[in-house]
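S.K.: all I have is the shape, not the residue letters:
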């Protein structure tokens, strides 16, 4: 059966400015994001159970970045450039749009796996636990990022209003639920 | 009036969030289970705690939606307490029906809670009128979830002879074996869908890149190898690609999901009461898409309109769908 894919990769030029970003800044930003999600959705770790200590390598294949996430750590995120080899227990890779849409509950993870848009390696059990825990928590990354911004929240919302439709055009999928886009 | 019945749409929920999604999308009924091996979808990170189940049943009832609780695995000898507790708690929380398979659990529920509806799980594999009559007579079973091995003609024939409702699978992963009796997963992994609540457990499923191919394995057995531009299946033994003597291919069944949405008129005519969507292990996105689609079809059929079936292949295993045994071309 030939595949029927839906999510497009980001334009390759995006990689150049992303690669120029200092890794410590990326680690700080994404570390705060994941820590905030853990705080706002405590049931996430509970559902993950023993897999909360697993090392998940999240690999957006259209960006020159990978994220090693250990959910139960105080500093849960470490960003790497793809040339760096790090140890992991479970690896999830695919276009950024597919990964975000899966987290947001906009696209089904199994369907993305069937269509080969998302590939998995390592502990299938840990990946399943992560997928189910995130889906149960109804996490939405744009809202989570905006919630982090404190007094800058209105500015963050404006930025999201500007960026999300562009990302949608590039990837072909909604990367935020309607309520965020119209907030 | 066009004389067409409105079939009950029985929808899956692996989490409270999926339950709310199913209700919003138009479920008449949601079925779910506890976070342990008392139900046949015992996947990591899935299912309901006691607190979540109580709150979810209340949420559903506030929206005039029923909740069936699946307690459809078979207790271990000498360790039936988790299953008994699941029945007791479900009744306490106000479940609209218990979905059971084991004779002992049916007896337990019948003795203690005669007023609570008992449905026979597909795991009991009751596939003929005599078998069904036994469950109705001895345990007051009100509904049978029909095994996915029957043709529509056989379902119609059964419905003429029995004194309870029937529920038929309409969409989702397709088990091609006699359910509740299949030992393939147990043979390969030591874990069984019937006792541990999980077929082809994730703890034994391995995906690895081998050059340009992706190999999927279950324990020590490679089940499939697919090229880069071919859709990926689950590593279930019954849908594996094997060499047997001179034959090479899917020996038992192709990787495909059941999509009987086009057959809803025939299932209604055959006397089916409920249409069951498989997929408690799937995401909210799956539940939303499938329930929305089938809600529309069921309502259009009841209203006497032409139904628009299909269009769910992206959500199907191997992006491929089948009518399964309903049109048993392989017999």
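M.R.: Done, it's in. This structure is a prediction, so every number in the text was calculated from the model and none was measured. Numbers count the residues shown, from 1 in each chain, chains lettered A, B, ... in the order given.
S.K.: which stretches of the chain form helices?
M.R.: Assuming you mean chain A. In chain A, the helices defined using DSSP state H lie at A:15-20, A:23-40, A:43-48, A:96-103, A:109-114, A:124-137, A:141-147, A:153-171, A:178-181.
S.K.: right idea, wrong chain: chain B
M.R.: Going by DSSP H, chain B shows helices at B:16-25, B:50-62, B:81-93, B:103-112, B:129-139, B:152-161, B:184-189, B:264-269, B:284-302.
S.K.: rank the ones you listed by pLDDT, which is bottom?
M.R.: When these are compared by mean pLDDT, helix B:184-189 comes last with a mean of 91.
S.K.: thinking again about what came up before, using a markdown table, lay out the helices of chain B together with distance to residue A:50 and mean neighbour count.
M.R.: Any C-beta I mention is one placed from the backbone N, CA and C, and that applies to glycine too. Output for the helices of chain B, formatted as a markdown table (distance: least, Cβ to Cβ, whole Å; neighbours: other Cβ atoms under 10 Å in any protein chain shown):
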| stretch | distance to residue A:50 | mean neighbour count |
| --- | --- | --- |
| helix B:16-25 | 22 | 24 |
| helix B:50-62 | 20 | 17 |
| helix B:81-93 | 19 | 18 |
| helix B:103-112 | 29 | 17 |
| helix B:129-139 | 38 | 16 |
| helix B:152-161 | 43 | 17 |
| helix B:184-189 | 19 | 18 |
| helix B:264-269 | 42 | 18 |
| helix B:284-302 | 24 | 22 |
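S.K.: turn the ones you listed into JSON lines, columns for distance to residue B:252.
M.R.: Output for the helices of chain B, formatted as JSON lines (distance: least, Cβ to Cβ, whole Å):
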{"stretch": "helix B:16-25", "distance to residue B:252": "30"}
{"stretch": "helix B:50-62", "distance to residue B:252": "35"}
{"stretch": "helix B:81-93", "distance to residue B:252": "30"}
{"stretch": "helix B:103-112", "distance to residue B:252": "28"}
{"stretch": "helix B:129-139", "distance to residue B:252": "24"}
{"stretch": "helix B:152-161", "distance to residue B:252": "20"}
{"stretch": "helix B:184-189", "distance to residue B:252": "9"}
{"stretch": "helix B:264-269", "distance to residue B:252": "25"}
{"stretch": "helix B:284-302", "distance to residue B:252": "24"}
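S.K.: out of those, nearest to chain A?
M.R.: Among those, the nearest to chain A by Cβ to the nearest Cβ is helix B:284-302 (4.2 Å).
S.K.: who does the closest one touch, helix- and strand-wise?
M.R.: helix A:109-114, strand B:8-12, helix B:16-25, strand B:165-173, helix B:264-269, strand B:274-277 (3 or more Cβ pairs under 8 Å, 6 or more residues apart in numbering or on different chains; DSSP states H and E).
S.K.: including distance to residue B:323, could those go into CSV?
M.R.: Listed next are the helices and strands packed on helix B:284-302 as CSV, based on distance: least, Cβ to Cβ, whole Å:
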stretch, distance to residue B:323
helix A:109-114, 19
strand B:8-12, 19
helix B:16-25, 24
strand B:165-173, 11
helix B:264-269, 10
strand B:274-277, 14
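S.K.: please identify which of those is closest to residue B:198.
M.R.: strand B:165-173 (12.8 Å; Cβ to Cβ).
S.K.: the closest one packs against which elements?
M.R.: When contacts are defined as 3+ Cβ pairs under 8 Å, 6+ apart, strand B:165-173 packs onto strand B:8-12, strand B:143-145, helix B:152-161, strand B:257-259, helix B:264-269, strand B:274-277, helix B:284-302.
S.K.: rerun that using 10 Å as the cut-off
M.R.: strand B:8-12, strand B:118-120, strand B:143-145, helix B:152-161, strand B:257-259, helix B:264-269, strand B:274-277, helix B:284-302 (3 or more Cβ pairs under 10 Å, 6 or more residues apart in numbering or on different chains; DSSP states H and E).
S.K.: got the angle between it and strand B:8-12?
M.R.: Counting by axes from the mean of the first three to the mean of the last three Cα atoms, to 10 degrees, strand B:165-173 lies at 40 degrees to strand B:8-12.
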